[in-house]
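Engineer: here is a sequence with its predicted model. Questions after.
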Amino acid sequence: MFKVQVEQDFSFLSGEYRALFADSQATAFQAPVWLEHLYSSRLLSDCRAERLVVTVRNQSGRLLMVLPLVRRRPGALKVVEFVDFGVSDYGAPVCRREDIAVLVSNTAWRARVMAALRPFDLLRLTKLSRDFLPLTEFLGARSISHQEVSSYSVALDLDFPKWRLARMDGSLRKQLDKKRRQLARAGSVRFEVVEEHAGIADVFAEMRDFRWERFHDGKDAMQNPAAFDFYLGVAKDGAGAAQARTYALWLDDDLIAAAFGLAHAGTFLVVLSGFDQRDSKRFSPGLLCMEDVIRDCIERGERHFDLTIGDEGYKKLFGAGTTPLSSSWASGSAIGAAAGRALALPWVEKVVRRWAGGSWGMDSNHRPDGKQPSALPLSYPGSSPLPLPEHS
């Protein structure tokens, strides 16, 4: 019934993928522009990863599912996982809801998918919502829920004045109102969505500088040239495709805060933000900018505001609740089985660390606040001058 194959030249900008993605439960981190840029970025070579795009089609050739994966080898392990490189917050297969039930009910295609993925020691699928667990479990992957790896989001279910009253603490509203008055007295204030490529590039360059001052431990992905170029490419092309927006808050001619995010299925997902911590810090420009972004999203008719993963304290100030994410893994060898168990049993990590040549470490779940989730990711070895951690 199904044809499973590896399509290394698969185009995520093709009409068939756009149609599949539009009808799927996948996230903005599987959007056409995002994946096309991610697979063609320097991150692939810097992380010594090999493109592995697996497709499932029916007998007539209609595309039923895409697994956007990579294969890489940290130490002695051969690992297959979602294409991520520390810049994506959610992993997901791309499949229509109705097709998931059809695929799960058929046992023949599972063996074909696993054959397409080999050779591997460990199949590792991280940052999964519960919607995709039946499919990954059918593939033979064992799921582990990590309460410390959570995403943050809030419903945009009211007009902005009412939403502000319902979601934000009264003292915070009063504080931000005061900051806005002070900012208005300091000069001309302008908030806008930047759409021109040159303007987006200028905002990103300043946002990178803002974040350099904020994150002194080298764990900001924007300081990695390959990651910076990737984000900027998505911001430019995504603006034209209505898949990304870059926001800027100005005081006179000076940028004081900025945010970049993805738009998909009535949800805006915040990917990057930064603000001036020197001359404008007293105005809380980061919070004011985020409030303005929420106002714009509500006016556009979007229904959810997703602050993605990472435990930055400002997220709860805007009424965001947490949703735990899960990881799934399947072994293809004895060392892979040991590595998979290490996801839940810390003592096994010490053994696997020796087997893997000491290359294990925190990677795409590293957060700028220095906290580490309970999952045991594998490091991304490569020529990157800086690590590739989470970006929020």
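Structural biologist: Received it, and whenever you're ready, just let me know what you need. Residues are numbered from 1 along each chain as shown.

Engineer: following the host helix or strand of G199, which helix or strand shows up next?
Structural biologist: Element membership for G199 (DSSP states H and E) is helix 197-214. Sequence-wise, the next helix or strand downstream of helix 197-214 (DSSP H and E) is helix 225-240.

Engineer: tell me the strands beside the helix or strand following that next one, with direction?
Structural biologist: For helix 225-240, the succeeding helix or strand toward the C-terminus, using DSSP H and E, is strand 244-251. Using DSSP bridges, strand 244-251 pairs in its sheet with strand 189-194 (antiparallel), strand 254-264 (antiparallel).

Engineer: and these: which comes nearest G75?
Structural biologist: Among these, strand 254-264 comes nearest to G75, with 32.9 Å by C-beta to C-beta. All C-beta atoms are positioned from the backbone trio N, CA, C, and that covers glycine.

Engineer: could you list the buried residues of that closest one?
Structural biologist: L255, I256, A257, A258, A259, F260, G261, L262, A263, H264 (16 or more other C-beta atoms under 10 Å).

Engineer: repeat that for stretch 75-90.
Structural biologist: In stretch 75-90, counting by 16+ other C-beta under 10 Å, buried: 75, 77-90.

Engineer: give the contact list for the nearest residue to E36 once chain neighbours are set aside.
Structural biologist: Once flanking residues are discounted, E36 sits nearest to F12: 4.3 Å by C-beta to C-beta, 6 or more residues apart in numbering. By C-beta atoms under 8 Å, 6 or more residues apart in numbering, F12 lies in contact with P32, V33, L35, E36, Y39, P68.

Engineer: and the two most separated of these?
Structural biologist: Once C-beta to C-beta is applied, those give V33 and P68 as the farthest pair, at 13.1 Å.

Engineer: so between those two, which is more surrounded?
Structural biologist: Using other C-beta atoms under 10 Å, the more surrounded residue of V33 and P68 is P68, with 26 against 23.

Engineer: doesn't that one fall inside a helix?
Structural biologist: No: counting by DSSP: H, G, I helix; E, B strand; the rest coil, P68 is not found in a helix; it is strand.

Engineer: roughly how far apart are it and F230?
Structural biologist: Counting by C-beta to C-beta, to the nearest Å, the separation of P68 from F230 is 15 Å.

Engineer: which stretches of the stretch 1-150 of the chain form helices?
Structural biologist: 15-23, 32-40, 43-46, 97-104, 108-117, 133-138 (DSSP state H, counting those that start in this stretch).

Engineer: make CSV from the ones you listed and add mean pLDDT and distance to K178 to it.
Structural biologist: Shown next, in CSV, are those (pLDDT from 0 to 100; distance: least, C-beta to C-beta, whole Å):
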stretch, mean pLDDT, distance to K178
helix 15-23, 97, 44
helix 32-40, 98, 38
helix 43-46, 94, 42
helix 97-104, 82, 47
helix 108-117, 86, 56
helix 133-138, 73, 46
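
Engineer: nearest to A239, of those helices?
Structural biologist: Nearest to A239 among the helices of the stretch 1-150 of the chain is helix 32-40 (9.6 Å), distances taken as C-beta to C-beta.

Engineer: for V189, give me its contacts.
Structural biologist: R180, L183, L249, W250, L251 are the contacts of V189 under C-beta under 8 Å, 6+ apart.

Engineer: just give me the neighbour total for the closest residue to N58 other than its chain neighbours.
Structural biologist: Distances taken as C-beta to C-beta, 6+ apart put L64 closest to N58, at 5.9 Å, once the chain neighbours are dropped. Counted with other C-beta under 10 Å, the neighbours of L64 add up to 22.

Engineer: list the contacts for L64?
Structural biologist: F2, L20, V56, R57, N58, C95, R96, D99, V102, L103.

Engineer: is the first one in a bridge, and if so with what?
Structural biologist: Assessed by DSSP bridges, F2 has beta-bridge partners N58.

Engineer: how many neighbours does it have?
Structural biologist: 17.

Engineer: quick one: low-confidence ranges for this structure?
Structural biologist: Applying pLDDT under 70 to the chain flags the ranges 141, 143-149, 216-218, 343-392.
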